[in-house]
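> for reference, the sequence and a predicted model appear below.
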Amino acid sequence: MVSQRHKELFRDDIRSRGTRLSAADREKILSPYLPDPADLPRRAPQRRRKVSRKTPIRSFLKLQLNLLTYAFIHILFGIVTRVFQSYHAVVDRIFAIIYYHHRTPELIRKDVKSLKRLPEHLSVILSLRKEDDALAILMDEVAELAAWTVSSGIPVLSVYEKTGVLKSCIPILHQIIRSKLSSYYGTLAQQPTLQLFAPHHPIYNQQQSRAPSNRQNAATLTVLLLSATDGRETFVDLTKTLAEMSQSGKLLPEDITLELVDAEISEITTQPTTTMSAEGATRGSNQMISTVKPEPDLLLIFGPFLKLDGYPPWHIRLTEMFCTGGRSSRIASSDEAVEYHGFLRGLWHYAGAQMRFGR
């Protein structure tokens, strides 16, 4: 025990910040309480507390057991996944063989005849592949979709491609679609009327010299080309225009409503008013056509997963969406091919969907 006197000396020294006691005085006070160095070898060394350690063999076995369990679960899950993917791939191939159009509109109409409803406006999302002839493949896919659409009795087809490369080759695309329709319908008199346009572009309708009375097919197909510029940029341009009109006094701020914005966007993107033909371009003649339904009833995504990729959002508020890529798509390439059975499965899905409209 430390004596009370020594305690007071130390406390006074601490209060004075070590100025009262010298180093020798502090050693003199502490020396009675320190052990004698001559007695240290005689004392028995203190036993250290043993720390429990796991044996290396037990830790190694537990680690190997965990790795083995993980590998077993991983292999089992991989086998089950591959079995399901292979099963759906085989089923898809069987459907592709059974339900094939053979470039015959009658067979396509027969495939969709039993459906209780068909979309009035069909929209698809396509992507430009990273290949040398990617543009040619893309235009051929659009032509095939156009032939399937008009053969099914759907009057409007909108094609969304993010880059907008299709808008720069509308005359060539019109010719390719017309050539594809000739392989389905035969002569020009039997082919449906084709109208091709894009937002901010006139409708391209290459008129041919044929008598209207000799037409055997009165069907009309309108193909609308969309891109990423028809989404955010269109909305920004419309906002600037409305703001400038409001500042100049041409439009009151209270007149800018959701109905007005919706009507303006629909008019810009889906309601063309003029049509330009190859002959009409030289003659300077424009013709009026009917408006296009703004919102598609069905949106098909030809890909392994559901990805809108910048699709204009105001077009798909009440749209039913269907992704043609399924459980078997990961066996194939990442780019889903545009095939007829995928198109047909999309129509089946739309016919069986429940339209609740938020209820």
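Everything's here; your move. Residues are numbered from 1 along each chain as shown.
> give me the residue at the spatial middle of the chain.
Central residue of the chain (C-alpha atoms, centre = their mean): residue 307, 1.3 Å from the mean position.
> give me every residue that touches that residue.
Going by C-beta atoms under 8 Å, 6 or more residues apart in numbering, residue 307 touches 125, 301. Using the backbone N, CA and C atoms, a C-beta is placed for each residue, glycine as well.
> wait, residue 196 sits on residue 181?
No - at 11.9 Å, residue 196 does not count as touching residue 181 under the criterion of C-beta atoms under 8 Å.
> out of those two, which sits in the busier spot?
Counted by other C-beta atoms under 10 Å, residue 196 and residue 181 do not tie: residue 196 has more neighbours, with 26 against 23.
> shouldn't the residue nearest to the centre of the chain be within a helix?
No - under DSSP: H, G, I helix; E, B strand; the rest coil, residue 307 sits outside any helix and is assigned coil.
> measure it to residue 341 for me?
21 Å (C-beta to C-beta, to the nearest Å).
> can you give me the neighbour number for residue 132?
8.
> all numbers from here: first residue = 27
Understood, numbering begins at 27; the last thing we discussed is residue 158.
> pLDDT score assigned to it?
On pLDDT, residue 158 comes in at 79.
> residue 217 too?
89.
> ditto for residue 339
We have a pLDDT of 78 for residue 339.
> verify the contact between it and residue 258 for me.
No - contact between residue 339 and residue 258 fails when scored by C-beta under 8 Å: they sit 9.2 Å apart.
> C-terminal to the helix or strand of the chain with the lowest mean pLDDT, what's the next element?
Here the helix or strand of the chain ranked lowest by mean pLDDT, DSSP states H and E is helix 306-309, holding a mean of 40. Using DSSP states H and E, the helix or strand that follows helix 306-309 in sequence is strand 324-327.
> tell me what the helix or strand following that next one is packed against?
Where DSSP H and E defines the elements, the next helix or strand beyond strand 324-327 is strand 346-349. If you count contacts as 3 or more C-beta pairs under 8 Å, 6 or more residues apart in numbering; DSSP states H and E, strand 346-349 packs onto strand 324-327, helix 366-378.
> looking at those, which is buried most?
strand 324-327 (a mean of 25; mean count of other C-beta atoms under 10 Å).
> what is the mean pLDDT for it?
For strand 324-327, the mean confidence score works out to 93.
> that strand pairs with which strands?
Paired neighbours of strand 324-327 in the sheet (DSSP bridges): strand 147-152 (parallel), strand 346-349 (parallel).
> of all those strands, which one is nearest residue 174?
Nearest of those to residue 174, taken as C-beta to C-beta: strand 147-152 at 9.3 Å.
> centre of the chain versus the next helix or strand after the closest one, how much separation?
Downstream of strand 147-152, the first helix or strand assigned by DSSP H and E is helix 160-177. Mean-position distance between helix 160-177 and its chain equals 21 Å (C-alpha atoms, centre = their mean, to the nearest Å).
> so what does the helix or strand just after helix 160-177 touch, helix or strand wise?
Once helix 160-177 ends, the next helix or strand along the chain (criterion: DSSP H and E) is strand 182-187. Using 3+ C-beta pairs under 8 Å, 6+ apart, the elements in contact with strand 182-187 are strand 147-152, helix 160-177, strand 246-252.
> what helices or strands is the helix or strand just after the last one leaning on?
Downstream of strand 246-252, the next assigned helix or strand under DSSP H and E is helix 258-273. Counting contacts by 3+ C-beta pairs under 8 Å, 6+ apart, helix 258-273 packs against helix 284-296.
> circling back: can I get the helices and strands packed on strand 346-349 in TSV including distance to residue 126?
Below are the helices and strands packed on strand 346-349 laid out as TSV (distance: least, C-beta to C-beta, whole Å):
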stretch	distance to residue 126
strand 324-327	18
helix 366-378	6
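> among these, which comes closest to residue 64?
Among the helices and strands packed on strand 346-349, strand 324-327 sits nearest to residue 64 (C-beta to C-beta), with 91.3 Å.
> other residues contacting that closest one?
Counting by C-beta under 8 Å, 6+ apart, 145, 147-151, 333-334, 337, 342, 345-351, 368-369, 372-373, 376 sit against strand 324-327.
> hang on, the earlier thing: pick the most buried one from the strands paired with strand 324-327.
The most buried one of the strands paired with strand 324-327 (mean count of other C-beta under 10 Å) is strand 147-152, showing a mean of 23.
> can I get it in CSV? Just the C-alpha atoms.
Only the C-alpha atoms of strand 147-152 are listed here, as CSV (Å, rounded to 0.1, in the frame of the first residue of the first chain):
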residue,chain,number,x,y,z
HIS,A,147,-50.9,-0.9,-83.6
LEU,A,148,-47.9,-3.3,-83.2
SER,A,149,-44.5,-2.0,-82.2
VAL,A,150,-41.2,-3.8,-82.2
ILE,A,151,-37.7,-3.0,-80.8
LEU,A,152,-34.8,-4.0,-83.0
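> low-confidence bits of this structure, can you list those?
Scanning the chain for pLDDT under 70 picks out 27-28, 65-80, 232-244, 292-318, 352-362, 383-385.
> which helix runs longest in it?
helix 82-124 (DSSP state H).
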